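1. here is my input, please return the structure:
(one chain, ligands or ions: 2)
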Amino acid sequence: MRSGQNLYLFFLIITVLTLLGVSYFSYTSSWFRGVWECRLTVEEKKHGNGNTDLIFPLREEEKQGNTDLIFPAGIACAQPSVSNSRPDVSTMTPWLAPIVWEGTYDLTVIDNIYKQQNITVAVTVFALGKYVRFLKDFLESAEQHFMVGYRVRYYLFTDRPDEVPAVTLGEGRQLTVIKTETSNRWQEISLRRMEMIEKLIEKELTDKADYIFSLDVDSKFYAHWGAESLGDLVGVLHAWFFGKSREHFTYERRPESQAFIPLEEGDYYYGGAVIGGRLDKVHKLAKTCRMQLDVDRANHIEAAWQEESHLNKYFLYNKPSKALSPEYLWDDTKGKPSYLKVVRFSQVVKNYADIRPNP
Ligand SMILES: CC(=O)N[C@H]1[C@@H](OP(=O)(O)OP(=O)(O)OC[C@H]2O[C@@H](n3ccc(=O)[nH]c3=O)[C@H](O)[C@@H]2O)O[C@H](CO)[C@H](O)[C@@H]1O
Ligand SMILES: [Mn+2]
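-> Ligands and ions are numbered 1, 2, ... in the order given. Here you go, the predicted model:
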């Protein structure tokens, strides 16, 4: 009888210990903990109407990411022209990826296709150190112009969560703040975005978003940026290098770097401030660039323009399926040529010495 009781007690203790072990293990291995130094903070901020699931219930086929270009019946649209609507600029890359310019697409057609897909667009924004000062304008202008009418989830990486401004977000839009270690080198901050994007997609986004954009925070939206920008893999043509001959591109030119591009190669110079596409494609891009950055680091070499150099290398050998014209990444300090019909997103003028942690 006594030994029966002891046995019972023994099994009870084992069961309790096992349960404790399992719950501790699942706690420590959850969401980046112990794997990645950046922790998702408690500050999951929900704005607007909050729970977007109620607003946009997902059907089974939508969860699987249906990319068919289904167009609803009975919608009146202008007939497409048989000639090029923008003869002043190239609207197609040599591998037949569209270059998106004002006048090349019909927003009614675009929205009728993409609204049906019921997509979610994730946006990564990094605001470390003094770059938090750009957040207010960035977010407020994004709310006015970026993917309006679509579900948007901002993922904001910052070391200063207390300084994140309260911006009222529209319906179906939400912001998650991720507390992040900063660095005393701006180059490091910029290039580490690749690793963060890679991990965010792996750990968090798989069932939460269809597309992702990584955008520079020191920028502002001035006009419509919508579903015409969506594609499998999307790059933006850098305003300063558009129309320049390739030997003037600021690619990495030292063969010792993984980002090296020889003078006689290269299509366009892409800006590091805008990277977009479907999750799997952007994940592959971010992971590849992160690995190339790691190799460079081990070899004590840093590419001329950090992750932007690696991005250009990647896009040279893994062509984007869509290129955004410089309308999608202008520069406030740059005059406006006649081909630029609209500025949608532009880098704000900044005093580098004042805002960066190092020269
Ligand atoms: C327009 C454009 O294509 N810009 C690219 C360019 O210079 P930029 O002069 O645009 O680089 P930047 O100083 O804006 O840094 C890139 C981004 O890193 C973040 N950041 C940087 C420093 C800091 O102290 N805190 C912080 O949060 C922030 O999100 C910023 O937008 O080259 C960089 C790499 O060299 C990046 O590829 C930029 O995307
Ligand atoms: Mn920038």
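2. what about the helix or strand hosting Leu139, distance to the chain center?
-> Element membership of Leu139 [criterion: DSSP states H and E] is helix 135-145. Put simply, helix 135-145 sits 16 Å off its chain's centre (C-alpha atoms, centre = their mean, to the nearest Å).
3. what packs against it?
-> Helices and strands touching helix 135-145, by 3 or more C-beta pairs under 8 Å, 6 or more residues apart in numbering; DSSP states H and E, are strand 120-127, strand 151-158, strand 219-221. Placement of C-beta: from N, CA and C, glycine included.
4. counting neighbours, what do you get for the closest residue to Thr206 other than its chain neighbours?
-> Computed as C-beta to C-beta, 6 or more residues apart in numbering, the closest residue to Thr206 that is not its neighbour in sequence is Leu279, at 6.9 Å. Close neighbours of Leu279, defined as other C-beta atoms under 10 Å, add up to 19.
5. do you know how far Leu279 is from ligand 1?
-> 20 Å (C-beta to the nearest ligand atom, to the nearest Å).
6. that residue against Asp207, yeah?
-> No: counting by C-beta atoms under 8 Å, Leu279 does not reach Asp207; the two are 10.0 Å apart.
7. returning to what we had before: show me the contacts for the residue nearest to Thr206.
-> Contact analysis of Leu279 by C-beta atoms under 8 Å, 6 or more residues apart in numbering lists 122, 201, 205-206, 209-212.
8. please name the nearest non-neighbouring residue to the residue of the stretch 151-300 of the chain found nearest ligand 2.
-> Taking C-beta to the ion as the measure, the stretch 151-300 of the chain has Asp216 as its residue closest to ligand 2, at 3.7 Å. Spatial nearest neighbour of Asp216, chain neighbours left out: Ala273 (3.6 Å); criterion: C-beta to C-beta, 6+ apart.
9. SS state for the one you found?
-> State at Ala273, reduced to three classes by DSSP: H, G, I helix; E, B strand; the rest coil: strand.
10. and the strands in the stretch 101-250 of the chain?
-> 120-127, 151-158, 173-179, 211-215, 219-221, 233-237 (DSSP state E, counting those that start in this stretch).
11. now those strands as a markdown table including mean neighbour count and mean pLDDT?
-> Shown next, in a markdown table, are the strands of the stretch 101-250 of the chain (neighbours: other C-beta atoms under 10 Å; pLDDT from 0 to 100):
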| stretch | mean neighbour count | mean pLDDT |
| --- | --- | --- |
| strand 120-127 | 23 | 98 |
| strand 151-158 | 23 | 98 |
| strand 173-179 | 21 | 98 |
| strand 211-215 | 25 | 98 |
| strand 219-221 | 21 | 98 |
| strand 233-237 | 26 | 98 |
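12. using TSV, lay out these together with distance to Leu12.
-> Below are the strands of the stretch 101-250 of the chain laid out as TSV (distance: least, C-beta to C-beta, whole Å):
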stretch	distance to Leu12
strand 120-127	46
strand 151-158	44
strand 173-179	40
strand 211-215	49
strand 219-221	61
strand 233-237	56
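13. and the ones you listed: which comes nearest Trp330?
-> Nearest of the strands of the stretch 101-250 of the chain to Trp330, taken as C-beta to C-beta: strand 219-221 at 9.1 Å.
14. give me the residues contacting the closest one.
-> Outside of strand 219-221, the residues within contact range by C-beta under 8 Å, 6+ apart are 134, 137-138, 141-142, 144-146, 273, 329, 344-348.
15. if you set the cut-off to 7 Å instead, what comes out?
-> Residues from elsewhere that reach strand 219-221 (C-beta atoms under 7 Å, 6 or more residues apart in numbering): 137-138, 141-142, 144-146, 273, 344-348.
16. and that strand, which strands flank it?
-> When pairing is defined by DSSP bridges, strand 219-221 lines up against strand 345-347 (antiparallel).
17. now for whichever helix or strand comes after the partner strand, which elements pack on it?
-> Later in the chain than strand 345-347, the nearest helix or strand by DSSP H and E is helix 352-355. Contacts defined by 3 or more C-beta pairs under 7 Å, 6 or more residues apart in numbering; DSSP states H and E place helix 352-355 against no helix or strand at all.
18. enumerate the residues of the stretch 1-150 of the chain near ligand 1.
-> Neighbours of ligand 1 within the stretch 1-150 of the chain, by C-beta under 6 Å from any ligand atom: 126-129, 131.
19. how much space between whatever residue of the chain ends up closest to ligand 1 and Glu163?
-> Nearest residue of the chain to ligand 1: Gly272, at 2.2 Å (C-beta to the nearest ligand atom). Look at Gly272 and Glu163: by C-beta to C-beta, to the nearest Å, they are 24 Å apart.
20. same check on Lys341?
-> 36 Å.
21. ok, the two, which is more surrounded?
-> When Lys341 and Glu163 are compared for neighbours, Lys341 comes out ahead with 15 against 12, by other C-beta under 10 Å.
22. show me what contacts Ser309?
-> The contact partners of Ser309, taken as C-beta under 7 Å, 6+ apart, are 251-252, 259, 303.
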